[in-house]
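> quick one, what's the 3D model for this:
(one chain, ligands or ions: 1)
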Amino acid sequence: MSKQDNLEIKRVAGVAAAAEVQDGMVIGLGTGSTAHYAILRIGERVREEGLSVVGVPTSYQSAMRARAAGIRVVDLADVDAIDLTIDGADQVDAAFNLIKGGGAAHTREKCVAAASKRIITVVDPSKLSEQLNVPVPVEVVPYAATLIARQVEALGGVPVLREGVKKDGPVITDNGNFVFDCDFGTIADPAGVEAQLNALPGVLTCGIFTEFAEKICVLVGESSGCRTLTR
Ligand SMILES: O=C[C@H](O)[C@H](O)[C@H](O)COP(=O)(O)O
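Coordinates of the predicted model:
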């Protein structure tokens, strides 16, 4: 599939998710190339339909894109709850466990997911997998990075420090930390690996999301339209 076709599929999913937004809602705004299309479409609806919503961004990227789209943005601290979050994923398994953090935004995304009543996960079909098997992003405090790399290896993972693009050295997250992409092969027990990683001193958050399956609906963009997966 060409890059252009893949972007079109992501657009289909993002636009379909934006159609679920209703007047008065507090909306969690995800990070990445698929959530981007939902943000653009919500902005259009604000301008064209006079839709009144506030957005809670999950990153500097989504905050900047939301403001540019004309969506009013507030902090997580300013809301009691989030009605609906629209966010992407790097992988979704059959039980709706997710791997997130390809854009290093998974810590804020997990906070926003935890505060959300409903989550729409927008993906292209390449993200669907029976079991999780792509490397797990783990955000770590720089002070503890070397120690954590050894501990990830002891858990059976292969950690690779994420390097910047157009920036020498490690990626620095929106929270000022490093990210290891940790390859565990096929993950038979996502909740167990998530708990083990999150328990390491100096780990802020790992990109395995297992606790939100009950409130997730997955929208899969396809060239023929959009497919909805529910559990
Ligand atoms: O950190 C980034 C996020 O978790 C993204 O939602 C995830 O990487 C998917 O991004 P995309 O829709 O660009 O594939």
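
> compute the number of surrounding residues for the closest residue in space to S52 that isn't next to it in sequence.
Leaving aside its sequence neighbours, S52 sits nearest to D23 (C-beta to C-beta, 6 or more residues apart in numbering; 5.6 Å). Quick note: C-beta positions are derived from backbone N, CA and C, even for glycine. Per other C-beta atoms under 10 Å, the neighbour tally for D23 reads 10.

> kindly report the same for the one 5 residues further on.
Here the number of neighbours of G28 (other C-beta under 10 Å) works out to 30.

> list the buried residues of the one helix or strand D181 maps to.
Using DSSP states H and E, D181 sits in strand 178-183. Neighbour-count burial for strand 178-183 flags F178, V179, F180, D181, C182 (criterion: 16 or more other C-beta atoms under 10 Å).

> the ligand next: which of the residues you listed are close?
The overlap between these and the neighbours of the ligand (C-beta under 6 Å from any ligand atom) is empty.

> which of those residues sits closest to the ligand?
Proximity of the buried residues of strand 178-183 to the ligand, judged by C-beta to the nearest ligand atom, is greatest for V179, which lies at 9.2 Å.

> dump stretch 179-199 to PDB, restricted to CA.
These are the backbone C-alpha positions of stretch 179-199, laid out as PDB (Å, rounded to 0.1, in the frame of the first residue of the first chain):
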ATOM      1  CA  VAL A 179      12.200   6.200  25.900                       C
ATOM      2  CA  PHE A 180      13.300   2.600  25.500                       C
ATOM      3  CA  ASP A 181      11.700   0.500  22.800                       C
ATOM      4  CA  CYS A 182      11.700  -2.900  24.500                       C
ATOM      5  CA  ASP A 183      11.200  -6.000  22.300                       C
ATOM      6  CA  PHE A 184       9.600  -8.900  24.200                       C
ATOM      7  CA  GLY A 185       8.600 -10.900  21.000                       C
ATOM      8  CA  THR A 186       5.100 -12.200  21.300                       C
ATOM      9  CA  ILE A 187       3.600 -11.100  24.600                       C
ATOM     10  CA  ALA A 188       1.600 -13.900  26.100                       C
ATOM     11  CA  ASP A 189       0.600 -12.000  29.300                       C
ATOM     12  CA  PRO A 190       0.200  -8.300  28.400                       C
ATOM     13  CA  ALA A 191      -1.100  -7.400  31.900                       C
ATOM     14  CA  GLY A 192       1.800  -9.200  33.600                       C
ATOM     15  CA  VAL A 193       4.500  -7.500  31.500                       C
ATOM     16  CA  GLU A 194       2.700  -4.100  31.900                       C
ATOM     17  CA  ALA A 195       2.800  -4.600  35.700                       C
ATOM     18  CA  GLN A 196       6.400  -5.700  35.700                       C
ATOM     19  CA  LEU A 197       7.600  -2.800  33.700                       C
ATOM     20  CA  ASN A 198       5.600  -0.200  35.600                       C
ATOM     21  CA  ALA A 199       7.000  -1.600  38.900                       C
END
